[in-house]
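*Asks:* quick one, fold the following:
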Amino acid sequence: MSSIESAQKALLAEVAKKDYELKHVQAPTEPLSTTQAKMLIAVQGGKYELNHVDNPPKDGLTEAEKQAYLEERQKSGN
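*Replies:* This is a model prediction of the structure:
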């Protein structure tokens, strides 16, 4: 059995425990490269401000940290 198959079986076992709820997700309507190009144009046009981060976490942020950051930004009006 391949590692993908064993990972899929493990995931299915977790979902079967009812600890998780699966939801249908709409596939993107445009290719990722098109989305990236649109974002680059918006950033270059000044629509978004990019901030440099000194010493970012090596493993990135957890989903909870990302959500907390976004909520804080919305509260402060930025």
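*Asks:* restrict the host helix or strand of Glu5 to CA atoms and write it as PDB.
*Replies:* Secondary structure from DSSP states H and E places Glu5 in helix 3-16. Taking Å, rounded to 0.1, in the frame of the first residue of the first chain, the C-alpha atoms of helix 3-16 are listed here in PDB:
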ATOM      1  CA  SER A   3       1.800   6.200   1.600                       C
ATOM      2  CA  ILE A   4      -1.000   8.100  -0.200                       C
ATOM      3  CA  GLU A   5      -3.400   5.200   0.200                       C
ATOM      4  CA  SER A   6      -2.500   4.800   3.900                       C
ATOM      5  CA  ALA A   7      -3.000   8.600   4.500                       C
ATOM      6  CA  GLN A   8      -6.400   8.400   2.800                       C
ATOM      7  CA  LYS A   9      -7.400   5.500   4.900                       C
ATOM      8  CA  ALA A  10      -6.300   7.300   8.100                       C
ATOM      9  CA  LEU A  11      -8.200  10.400   7.100                       C
ATOM     10  CA  LEU A  12     -11.300   8.400   6.300                       C
ATOM     11  CA  ALA A  13     -11.100   6.700   9.700                       C
ATOM     12  CA  GLU A  14     -10.900  10.100  11.400                       C
ATOM     13  CA  VAL A  15     -13.900  11.400   9.500                       C
ATOM     14  CA  ALA A  16     -15.900   8.200  10.200                       C
END
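*Asks:* how about it: buried residues?
*Replies:* By neighbour count with 16 or more other CB atoms under 10 Å, helix 3-16 contains no buried residues. Every residue, glycine included, has its C-beta placed from N, CA and C.
*Asks:* if I look at the most centrally placed residue in the chain, how far off is Leu22?
*Replies:* With distances taken as CA atoms, centre = their mean, the residue of the chain nearest its centroid is Glu63 (7.8 Å). Per CB to CB, to the nearest Å, Glu63 is found 17 Å from Leu22.
*Asks:* related to what we said a few turns ago, and the gap between the residue nearest to the centre of the chain and Ala37?
*Replies:* 26 Å.
*Asks:* now the helices for this protein?
*Replies:* 3-16, 32-44, 63-76 (DSSP state H).
*Asks:* if anything else comes up later, I'll come back, but that's it for now.
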